[in-house]
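[1] Fold the stuff below for me.
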Amino acid sequence: MTYPFIRTTYRRRMAALALDWLACYAIVAALSGGINTMSPNSSLYVLALFFIQVWVLIALQGATLGHRLFGMKVVRFEDGAAINPWQALIRTILLVLVVTAVTFDENGRGIHERLSGSVLTRS
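    Take a look at the predicted model:
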């Protein structure tokens, strides 16, 4: 038996992801002195900040900034409870790999959600 969750749309997922990525990009740009002065390694800094932001916020609150603004949260697939930090870490590592995040199953879950035992639902 799995938790009866309300699916979120692909459009909503991508909008939240883009917002989270742009927030990290803006932080790195501000810390490096502006967009025009960003170094070639800045994309790695954006990715690292994105990874840390997603892992910490999902582990502690169950949602990132983008998830909150678009009315979503991450819960355990089995019972709808909050996920633990290890599940959040697995989910975030696989999310950053991108391919696992854009491949969905019959429940509307990406591979990163299946392997971490989580699901992104409407809040």
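[2] the helices in this protein, which residues?
    Along the chain, the segments classed as helices by DSSP state H run 10-31, 42-61, 65-69, 85-96, 111-116.
[3] I'd like the ones you listed written out as CSV, with mean pLDDT, distance to T103 and mean neighbour count added.
    (C-beta placed from N, C-alpha, C; glycine too.) As requested, those are exported to CSV (pLDDT from 0 to 100; distance: least, C-beta to C-beta, whole Å; neighbours: other C-beta atoms under 10 Å):
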stretch, mean pLDDT, distance to T103, mean neighbour count
helix 10-31, 93, 12, 16
helix 42-61, 94, 18, 17
helix 65-69, 96, 20, 19
helix 85-96, 94, 10, 18
helix 111-116, 86, 5, 21
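[4] Let's have those in JSON lines, adding distance to V75.
    Formatted as JSON lines, those follow (distance: least, C-beta to C-beta, whole Å):
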{"stretch": "helix 10-31", "distance to V75": "15"}
{"stretch": "helix 42-61", "distance to V75": "10"}
{"stretch": "helix 65-69", "distance to V75": "11"}
{"stretch": "helix 85-96", "distance to V75": "10"}
{"stretch": "helix 111-116", "distance to V75": "10"}
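[5] and of those helices, who's closest to R122?
    Across the helices of the chain, R122 has its closest neighbour in helix 10-31 (8.3 Å, C-beta to C-beta).
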